[in-house]
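J.: here is a sequence with its predicted model. Questions after.
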Amino acid sequence: MTRIVDVGGHAPYRIAIGDGLLSDGAALASHVRGRHAMIVSDAHVTPLYARGVADALQAANPGLRCMVTCIPAGESAKSLDRFAELLRELADFGATRDACVFALGGGVVGDLAGFAAACWMRGIDCVQLPTTLLAMVDSSVGGKTAVDLPQGKNLVGAFHLPRAVFADTATLRTLPDRELRAGLAEVVKYGAIRDAAFLDWIETHADALLARDADTLAEAIARSCAHKAAIVERDPFERGERALLNFGHTFAHAIETEQGYGGLNHGEAVAVGMVCAARLSARLGMAVADDTQRLAALLRRLGLPVDVPAGLDPAALVAHMRLDKKAIAGRLRFVLWSGAGAAQVVPDVAEAEALAALG
Ligand SMILES: O=C(O)C(=O)C[C@@H](O)[C@H](O)[C@H](O)COP(=O)(O)O
Ligand SMILES: [Zn+2]
């Protein structure tokens, strides 16, 4: 069974979630307007799925020229250097404005390939083919594309909506456990910020999610995508409510940056960040400490970290937070929590409070 989530707005597109979608060459090829398809993938995913996608595309459209380009696995590939390399490859490939980039992989591939598609000839089509849970429930949807700088995560990027998203849930069978858990952190985020019943559901289904029960995972993906779609179609450029999707991310990005993108992965950092944000909310009187305990307990149960890694300099973390994209006029803004299902953006949080929330 394929689940569909439609994302409305000025350039609507469809998210398809189901088993075997990467083999559906006709569906994939229907999004290619011209003759060039570049499949961008990483060193883990390329050997598993890239040839299959290229063959499926070519079988559906024999006139198509397909190329596969492979980037190193891991967050450090989300760099300006890799970005420039992809642009050079698009040039060598002779990609014209009707070319299509297929981003086959996790969040790093999606963000990097999406950014290259956003910039090549001022914007070409991009189809997202997420192969990690995190990319399926979050990064492949909504059009945020970016690379990191040593000074901060996702600091250079563009909003560039995908033409379509195909989440082939068969790929989750080969996903390392750590990556599965990272994706669950973003799933928990949706329950935390806007759906108390979904948070209950995650608690009830935690074991099934960890055991990769196919139906339970597909339901979690579809419900997460529906939440994200509802927000990004109303606020594609993060002028308002989209910032709620950044719950936990001010702390998370600071940790990822301070660790040089080689420590916690994004989902793990978001887990820690959400607990810090919940603690901060309790300190500011918005939430009760029990809610923080409940969130931390669920994340722990899902195998995620909840404490800031030892040895990180709190002052350095706060310095990174000042370059957060939500900050205004140098003042810290956080997405804070009022308990299950409710969050809001709070401007001008005192540095001392942010420091204390690190735990
Ligand atoms: O789509 C969004 O909006 C989000 O904030 C979702 C986040 O989970 C995601 O990590 C996003 O890439 C963070 O964006 P940033 O603007 O904080 O760099
Ligand atoms: Zn995130």
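T.: Looks like it came in fine. Ligands and ions are numbered 1, 2, ... in the order given.
J.: against Lys78, how distant is the residue of the stretch 51-200 of the chain found nearest ligand 1?
T.: Closest to ligand 1 within the stretch 51-200 of the chain is Asn154: 3.2 Å, counting by CB to the nearest ligand atom. Any C-beta I mention is one placed from the backbone N, CA and C, and that applies to glycine too. According to CB to CB, to the nearest Å, Asn154 and Lys78 sit 8 Å apart.
J.: contacts only, for Ala26.
T.: Ala26 makes contact with Ala60, according to CB atoms under 8 Å, 6 or more residues apart in numbering.
J.: how near is it to Arg173?
T.: Per CB to CB, Ala26 is found 24 Å from Arg173.
J.: what about the strands in the stretch 151-300 of the chain?
T.: Counting by DSSP state E, counting those that start in this stretch, the stretch 151-300 of the chain has strands at residues 152-159, 164-168.
J.: can you redo these as TSV with mean pLDDT?
T.: Formatted as TSV, the strands of the stretch 151-300 of the chain follow (pLDDT from 0 to 100):
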stretch	mean pLDDT
strand 152-159	98
strand 164-168	98
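J.: quick one: closest of the ones you listed to Arg279.
T.: Ranking the strands of the stretch 151-300 of the chain by proximity to Arg279 (CB to CB) places strand 152-159 first, at 21.2 Å.
J.: show me what the helix or strand that contains Ile4 is packed against.
T.: Per DSSP states H and E: Ile4 is located in strand 3-7. If you count contacts as 3 or more CB pairs under 8 Å, 6 or more residues apart in numbering; DSSP states H and E, strand 3-7 packs onto strand 13-18, helix 214-234.
J.: for that strand, which strands pair with it and how are they oriented?
T.: strand 13-18 (antiparallel) (DSSP bridges).
J.: ok, now which ones touch the spatially most central residue of the chain?
T.: Residue closest to the average C-alpha location in the chain (CA atoms, centre = their mean): Ser139, at 2.6 Å. By CB under 8 Å, 6+ apart, the contact set of Ser139 is 106-107, 110-111, 130.
J.: just the buried ones from the residues you listed, in ChimeraX syntax?
T.: Of these, the buried ones can be selected in ChimeraX as follows, counting by 16 or more other CB atoms under 10 Å:
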select :106,107,110,111,130
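J.: near ligand 1 at all, stretch 176-185?
T.: No. Judged by CB under 6 Å from any ligand atom, stretch 176-185 stays clear of ligand 1, getting no closer than 9.2 Å.
J.: redo the helices and strands packed on strand 3-7 as CSV? Include mean neighbour count, distance to Arg294 and mean pLDDT.
T.: Shown next, in CSV, are these (neighbours: other CB atoms under 10 Å; distance: least, CB to CB, whole Å; pLDDT from 0 to 100):
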stretch, mean neighbour count, distance to Arg294, mean pLDDT
strand 13-18, 20, 28, 98
helix 214-234, 20, 19, 98
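J.: now do the contacts for the nearest residue to Val137 once chain neighbours are set aside.
T.: Once flanking residues are discounted, Val137 sits nearest to Ser224: 3.8 Å by CB to CB, 6 or more residues apart in numbering. By CB under 8 Å, 6+ apart, the residues touching Ser224 are 136-138, 186-187, 190.
J.: can you flag the buried ones in these?
T.: Neighbour counting with 16+ other CB under 10 Å marks 136-138, 186-187, 190 as buried within the contacts of Ser224.
J.: so which of the residues you listed are also by ligand 1?
T.: Near ligand 1, by the rule CB under 6 Å from any ligand atom, you find 138, 186 out of the buried ones among the contacts of Ser224.
J.: returning to what we had before: helices - which of the contacts of Ser224 land there?
T.: Here DSSP state H is the test, and those give 186-187, 190 as lying in helices.
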